[in-house]
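Q: Take a look and give me a structure for this.
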Amino acid sequence: MNYKLVSKFLGFFSFAIGILMLPSILWAWYFGETTAMKAFFQSIGMAFLIGTLLGAYGRKAPRTMYQREALALVSLSWFIAAFIGMFPYLFIGALSPVDSFFESMSGFTTTGSTVIQDIEGQAKSLLFWRSFSQWLGGVGIVVLFIAVLPYLGAGGKQLFKSESTGPDPRGLSPRIKDTATLLYKIYLTFTALMTLALMQAGMSFFDAICHTFSTIASGGFSTRQESIGAFDSIQIELTIQFFMLIAGTSFALFFIMLRKNWKAPTIDTEWKWFVGIILVVTTTITLNLTYGTHVAADGTAVESTYGMSESLRAASFQTIALLTGTGFGTSNYDLWPPLSQMVLFTIFFFGGCAGSTAGGLKIVRVVMLTKIAYWRIENTFRPKTVRAIRIGEHVIDDDTRKSVHAFFVIYISIFIFGSIFMAGTGLPFESAMGSVAATLNNVGPGFDLVGPTKDYSHIHGVGKMFLSLCMVAGRLELFSICVLFVPSFWKHS
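A: Next up, the predicted model:
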């Protein structure tokens, strides 16, 4: 491990995060938030100090970057970003150090879990930074810096490979910098379009840009305590649903569509599964909300008062929000029938498409595991049959299959261990499982004590730090974080 090289680039990251706080200062000036403005200047100063110290240590580092350094840089950059990103919360006096780190990590990893109990009572510039951090983490901080730091050279390829989300066989461009730049052009285009659409639907520019940042990144931070439900607007909900679908779709498909292949999504296996799951889950929950039994606030069972149209409106929004890991809310699904809650909990794990901003297992892995399981069942009575596993036109090679198997085993192991760990901090069974599922899959709200109308402020500090680790593990697809706990990874090569 070349520690100086890693330190050198972490220094660059630190300076960049500091510079990216400048827009929040403009909002603080616009709204006359003197305390917030001072806090952001202090935060930038801390970012520059950390960057200077890291850069000084790595001053004479060689330029060549190998896979080990790339993995370390990708993983540690998220911790550095969260650490620097916590200073505005801390210096404004909104949160404690642990809560500030949790909120910052939740932002950059696009999780959307929060410890803030009075969102409307916070400085608007802080709320902007909160949403902006999600936007930065959406496609990936590392990908952003690959686009703007061309001197990374071959190291950029290693960084991009480590940062990519999910096994996506479609690919983009053979030149990594071109790919990163193209991703951000697409990302910026959707950001601009959604902001205009939300303003047209009745949101102010501030609310529109903040919710756009959170939606395009599949993040879920809102400027309102009641999330999207506070606006009570069908037009706003439909706009956000549409862009949540876009955020959950592989950006590789948009690249293919730009090459005039407009039918690409309709022939893409993963995207068809993605839409199919949304339709099936929405239909199931709609019927269950209309004809099922609800849970009243006092815990008693009551007959449904939802009409079909109201059920469809609530079911479609929450299905897309939770499947894509965005986590916005229009309804308190903790009071929905048990079937609806169980279905929503299940799709926490599915996530969006590989190469999207969504979290979770990724639909392509769900498809692969389903096909592998079916093939194994068939193989028990046809042992001599040899069959390739395909995703569309692509044959899945053995290395990818082994990687998917390993990912699933590690994923389930972390979920089980994490649920037990969180129960050990004092959380009830449902809350413990919900908190780990919500953070590991970068969804945000969970169930029960961490449900859609609650927050994570009551969780013990140790639990918050563990859940912060779950957030970054889920965002980086486990492997890049797991290697940090292997002693031989840190040895000099």
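Q: Find the helix or strand that Phe385 is a member of.
A: No, residue 385 isn't Phe; it's Thr. Taking DSSP states H and E as the definition, Thr385 sits outside all helices and strands.
Q: Correct me if wrong: it contacts Glu378.
A: Yes. At 7.0 Å, Thr385 and Glu378 qualify as touching, with contact defined as C-beta atoms under 8 Å. For the C-beta atoms, the positions are set from N, CA and C on the backbone; glycine is no exception.
Q: Who has more neighbours out of these two?
A: Glu378 (12 against 9; other C-beta atoms under 10 Å).
Q: Give me the pLDDT for Phe231.
A: Per-residue pLDDT puts Phe231 at 95.
Q: Name the single longest helix found in the chain.
A: Assignment by DSSP state H gives helix 398-424 as the longest helix of the chain.
Q: Give me the buried positions along the helix or strand just after that one.
A: Using DSSP H and E, the helix or strand that follows helix 398-424 in sequence is helix 429-440. By 16 or more other C-beta atoms under 10 Å, the buried positions in helix 429-440 come out as Glu430, Ser431, Ala432, Met433, Gly434, Ser435, Val436, Ala437, Ala438, Thr439, Leu440.
Q: wait, what's in contact with the most centrally placed residue in the chain?
A: Nearest to the geometric centre of the chain sits Thr110, at 3.6 Å (C-alpha atoms, centre = their mean). By C-beta atoms under 8 Å, 6 or more residues apart in numbering, Thr110 lies in contact with Gln134, Gly137, Gly138, Ala217, Ser218, Gly219, Gly220, Gly325, Thr357, Gly359, Asn442, Arg475.
Q: now, which of the buried residues of helix 429-440 sits nearest Leu279?
A: Among the buried residues of helix 429-440, Ala437 lies closest to Leu279 (C-beta to C-beta), at 22.8 Å.
Q: Between its first and last residues, how far does stretch 194-212 reach?
A: Between the opening and closing residues of stretch 194-212 lies a distance of 6 Å (C-alpha to C-alpha, to the nearest Å).
Q: what comes into contact with it?
A: By C-beta under 8 Å, 6+ apart, stretch 194-212 touches 27, 124, 127-128, 130-131, 135, 191, 215-216, 221-223, 228, 231, 233, 235-236, 239-240, 243.
Q: Now list the buried members of those residues.
A: 27, 124, 127-128, 130-131, 135, 191, 215-216, 221-223, 228, 231, 233, 236, 239-240, 243.
Q: show me where the stretch 151-300 of the chain has strands.
A: Applying DSSP state E, counting those that start in this stretch to the stretch 151-300 of the chain gives strands spanning 293-295.
Q: Okay, helices next: where are they in it?
A: 154-163, 176-200, 205-216, 234-247, 251-258, 264-267, 269-291 (DSSP state H, counting those that start in this stretch).
Q: And the third one, what's buried?
A: Across helix 205-216, burial judged by 16+ other C-beta under 10 Å covers Phe206, Asp207, Ala208, Ile209, Cys210, His211, Thr212, Phe213, Ser214, Thr215, Ile216.
Q: again with the shortest one
A: By 16+ other C-beta under 10 Å, the buried positions in helix 264-267 come out as Ala264, Pro265.
Q: Which elements pack onto it?
A: Applying 3 or more C-beta pairs under 8 Å, 6 or more residues apart in numbering; DSSP states H and E, one finds that helix 264-267 makes contact with helix 251-258.
Q: What mean pLDDT does the helix it packs on get?
A: Here helix 251-258 scores 82 as its mean pLDDT.
Q: swap in stretch 181-197?
A: For stretch 181-197, the per-residue pLDDT averages 88.
Q: now do stretch 324-332
A: 93.
Q: Need the distance between the two termini of it.
A: Using C-alpha to C-alpha, the distance between the terminal residues of stretch 324-332 is 18 Å.
Q: Distance from it to the middle of the chain?
A: 13 Å (C-alpha atoms, centre = their mean, to the nearest Å).
Q: how about low-confidence regions in the protein?
A: Within the chain, the segments meeting pLDDT under 70 span 140-180, 295-299, 492-493.
Q: at 50 instead, please
A: Scanning the chain for pLDDT under 50 picks out 142, 147-160, 162-163, 169, 172-174.
Q: ok, Lys454 to Phe447 distance?
A: As judged by C-beta to C-beta, to the nearest Å, Lys454 and Phe447 stand 9 Å apart.
Q: out of the two, which sits in the more crowded spot?
A: Phe447 (22 against 18).
Q: For that one, list the residues it contacts.
A: Asp334, Gln341, Phe345, Glu430, Ser431, Met433, Gly434.
Q: at 7 Å what do you get?
A: Asp334, Gln341, Phe345, Glu430, Ser431, Gly434 (C-beta atoms under 7 Å, 6 or more residues apart in numbering).
Q: Check which residues of the stretch of helix or strand Gly45 belongs to are buried.
A: According to DSSP H and E, Gly45 maps onto helix 34-57. For helix 34-57, a neighbour-count test (16+ other C-beta under 10 Å) marks 36-37, 39-40, 43-44, 46-48, 50-51, 54-55, 57 as buried.
Q: Much appreciated, bye for now.
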